[in-house]
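Undergrad: need a structure here:
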Amino acid sequence: METDRETILKVEDLKKYFPVRRGFFQKISGWIKAVDGVDFAIEKGHSLGLVGESGCGKSTVARVILKLLEPDGGNLIFKGRNIATLSPKEMQPLRKEMQIIFQDPFSSLNPRMTIGQSIDEGLRGMGFSKKMRTDRRNELLEMVGISSRVADRYPHEFSGGQRQRVGVARALTVNPSLIICDEPVSALDVSIQAQIINLLKDLQKQFDLSYLFISHDLNVVGYFSDRIAVMYLGRIMEYAEADELFKRPLHPYTSALLSAVPVPDPLRKKELTALGGDVPSPLDPPPGCRFQGRCPQVENRCREKEIELFSVNKGHLVRCWKTTGN
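TA: Numbers count the residues shown, from 1 in each chain. Purely as a prediction, here's the structure:
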């Protein structure tokens, strides 16, 4: 996944397993492979969209990158430094470089704190004086479209879209380089979604931010992201420029996801690729390709051996035997 642009984050063979414990003594009986060998890169000032069904490991990837969960394998190269093995104390100076915007703007804000206090929290940890905190807080609120005069109000006094704007302002307090957006608009009305997405894009241009944008909505991801990684059962199945992925999806799973995207023209007929079965358990993934049990194009070799990400052309990678030409 080489790129000519400056890479701010490179994820290499990232793994995160969770133990399954059973019995009185809670002995480990197996491992849930939530993230099992994920690779991608995010360039400075650009956005990577991470898409896939619920339970495929997207949010776990986000939390491992932020070191909220410790990785079980692989490398996390942030600004040229491998942070995968850093201790919590060693990570502390880098915390301000990476921030997250959560899916639910209400539960991510402390209901007992005013929005001003929530924003002040990060600044207080950086040693800002009271006046500096107030000035910065007011600047950020105005920047995201909320009047600084309401900084003494509580989260329940705001709408969902306004609370998410507060979440964006809070993420910006410490001048991060990378912001992870974990389903930031899925809980909002469609019109409010557009406002938040456009706000994030404007802030990206203004501050040269890099984003990891996690979502189920391919329309949103296609509009927001420069590149897209399609994830299934802990693995990246396809990785390409956003325009390329929408025009020429190569993996059957990507094609199925795109076929389910609604089109604005009610007269236009669209062929829907229906997937049968359920997503296999990450506790016991099938041998070979993980998508084999639901793939309409499955072959015997798909059940025997899993292919690594294969480069079809520059920047377009896919994990499918049919793309090899053999």
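Undergrad: rest of the way, CA atoms for contacts and neighbours
TA: Will do.
Undergrad: bridging residues for the residue positioned nearest the centre of the chain?
TA: With distances taken as CA atoms, centre = their mean, Ile214 lies nearest the centre of the chain, 3.1 Å away. Counting by DSSP bridges, Ile214 is bridged to Leu50, Asp182.
Undergrad: For it, which residues are in contact?
TA: Gly49, Leu50, Val51, Lys58, Ser59, Ile180, Cys181, Asp182, Glu183, Pro184, Val221 (CA atoms under 8 Å, 6 or more residues apart in numbering).
Undergrad: Quick check: end-to-end length of stretch 135-151?
TA: With CA to CA, to the nearest Å as the measure, stretch 135-151 spans 12 Å from end to end.
Undergrad: And the contacts of that stretch?
TA: 114-117, 119-120, 162, 165-166, 168-169, 172-173, 199.
Undergrad: now do stretch 16-32
TA: Contacts for stretch 16-32 (CA under 8 Å, 6+ apart): 33-36, 60, 64, 70-73, 282-284.
Undergrad: try 7 Å this time
TA: Residues outside stretch 16-32 that contact it (CA atoms under 7 Å, 6 or more residues apart in numbering) are Lys33, Ala34, Val35, Asp36, Pro71, Asp72, Pro282, Leu283.
Undergrad: Please identify which helix or strand holds the closest residue to the first one other than its chain neighbours.
TA: Nearest-residue entry for Lys33: Tyr17, 4.6 Å, with adjacent residues in sequence omitted and distances by CA to CA, 6 or more residues apart in numbering. Using DSSP states H and E, Tyr17 falls within strand 7-22.
Undergrad: That strand: partners in the sheet, and parallel or antiparallel?
TA: Partners of strand 7-22 in its sheet, by DSSP bridges: strand 27-43 (antiparallel), strand 73-78 (antiparallel).
Undergrad: Distance-wise, check the residue nearest to Lys33 relative to Thr254.
TA: Distance, Tyr17 to Thr254, using CA to CA: 25 Å.
Undergrad: what residue ranges in the stretch 201-326 of the chain score low on pLDDT?
TA: 262-274, 324-326 (pLDDT under 70).
Undergrad: where along it do the strands fall?
TA: In the stretch 201-326 of the chain, the strands defined using DSSP state E, counting those that start in this stretch lie at 210-215, 227-232, 235-241, 310-313, 316-318.
Undergrad: Put together CSV for the ones you listed, with distance to Arg95 on each row.
TA: Shown next, in CSV, are the strands of the stretch 201-326 of the chain (distance: least, CA to CA, whole Å):
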stretch, distance to Arg95
strand 210-215, 15
strand 227-232, 25
strand 235-241, 26
strand 310-313, 34
strand 316-318, 31
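Undergrad: what about the longest helix seen in the chain, distance to the chain center?
TA: When the chain is parsed with DSSP state H, its longest helix is helix 190-207. Its chain's average C-alpha position is 16 Å from that of helix 190-207, according to CA atoms, centre = their mean, to the nearest Å.
Undergrad: Provide the contact partners of that helix at residue level.
TA: The contact list for helix 190-207 (CA under 7 Å, 6+ apart) reads Gly45, Gly161, Val185, Ser210.
Undergrad: how about a cut-off of 10 Å?
TA: 45-47, 143-145, 160-162, 164-165, 168, 172, 175-177, 179, 181, 184-188, 208-211, 220-221, 223-225 (CA atoms under 10 Å, 6 or more residues apart in numbering).
Undergrad: So which of the residues you listed are in helices?
TA: Using DSSP H, those in helices are Met143, Gly160, Gly161, Gln162, Gln164, Arg165, Val168, Leu172, Val220, Val221, Tyr223, Phe224.
Undergrad: Would you list the buried entries among the contacts of helix 190-207?
TA: 45-47, 143-144, 160-162, 164-165, 168, 172, 176-177, 179, 181, 184-185, 188, 208-211, 220-221, 224-225 (16 or more other CA atoms under 10 Å).
Undergrad: Next, the buried residues of stretch 60-70.
TA: Thr60, Val61, Ala62, Arg63, Val64, Ile65, Leu66, Lys67, Glu70.
Undergrad: Correct me if wrong: the fifth one contacts Val38.
TA: No - under the criterion of CA atoms under 10 Å, Val64 is not in contact with Val38, lying 11.4 Å apart.
Undergrad: quick one: Tyr232 and Leu178, what's the gap?
TA: Taking CA to CA, one finds Tyr232 at 24 Å from Leu178.
Undergrad: Nice, that's everything, thank you.
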